[in-house]
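> Below are the sequence and a predicted model for it; my questions follow.
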Amino acid sequence: MKIIKLKNCLLFMTAINSIGSKWGIKEYKKLLDGEDMIKRLTLYIAIAYYKHVKYQCGTNFRRFANDLTGKNKRTGIQFQWDDGTIVKFEDKDFINSCMFYTQKSKINPYWKENPSKLKCPQTPMEFLFEQGFIDRTRTSESAFEVKHHFAMGKYMKRTLDFLLETPYYKESLKQGSFYFPVLTSIFKEQQKLN
């Protein structure tokens, strides 16, 4: 199990909250509400991590969930925030009514036809689907990725550099450039284009 350390988490959480609904997502501030707040936020970052660090566009849902719950011993990962909190995911965190199939067209073990009928609590993953943070790819019902509004992928990559304090980010700071801004820059840059 690999542990991914996330730095500057308080600054990141402040920035992501300040954008509010400007990304065109239904209720953005709800991301930071409730008991599952850290899990929701960590899942959101994990999807971006898979896309930009592991270079997996259209991440396979079951593989992603199994990595984060530790079922995949070789590729499993956990995220640790800079206050020392290690986020441990369980199967119940991934139950959703969006990802119907695995990559082999079998029913996804995390899929529930109607979570409300089954008295399933709204899980962190179900929340991200319902609030519009995640898109399923059109090519596969087993794959998904962060929803893109105005080239958001570029900014998620910058944000990961910021959170993970990558060598690229550190070199940027040495040269006196704060090239990797917190997420508030996304909306500002979009405003200039309009």
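Received the coordinates, thanks.

> longest single helix anywhere in this structure?
helix 37-52 (DSSP state H).

> list the helices and strands it packs on?
Helix 37-52 sits against strand 59-60, helix 61-69, strand 77-81, strand 86-87, helix 124-130, strand 143-146, helix 152-164, with contacts defined as 3 or more Cβ pairs under 8 Å, 6 or more residues apart in numbering; DSSP states H and E. Every C-beta, even on glycine, is put in place using the N, C-alpha and C of the backbone.

> Which neighbouring residues are in contact with Leu164, exactly?
Counting by Cβ atoms under 8 Å, 6 or more residues apart in numbering, Leu164 touches 4-7, 53.

> Which of these are buried? Put it as a ChimeraX command.
To isolate the buried members of the contacts of Leu164 in ChimeraX, using 16 or more other Cβ atoms under 10 Å:
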select :4,6
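
> Make CSV out of the contacts of Leu164 and add distance to Ile38, pLDDT and secondary structure.
CSV is the format used below for the contacts of Leu164 (distance: Cβ to Cβ, whole Å; pLDDT from 0 to 100; DSSP: H, G, I helix; E, B strand; the rest coil):
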residue, distance to Ile38, pLDDT, secondary structure
Ile4, 14, 91, strand
Lys5, 15, 90, strand
Leu6, 11, 89, strand
Lys7, 15, 83, coil
Val53, 20, 83, coil
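
> I appreciate the help and will end here.
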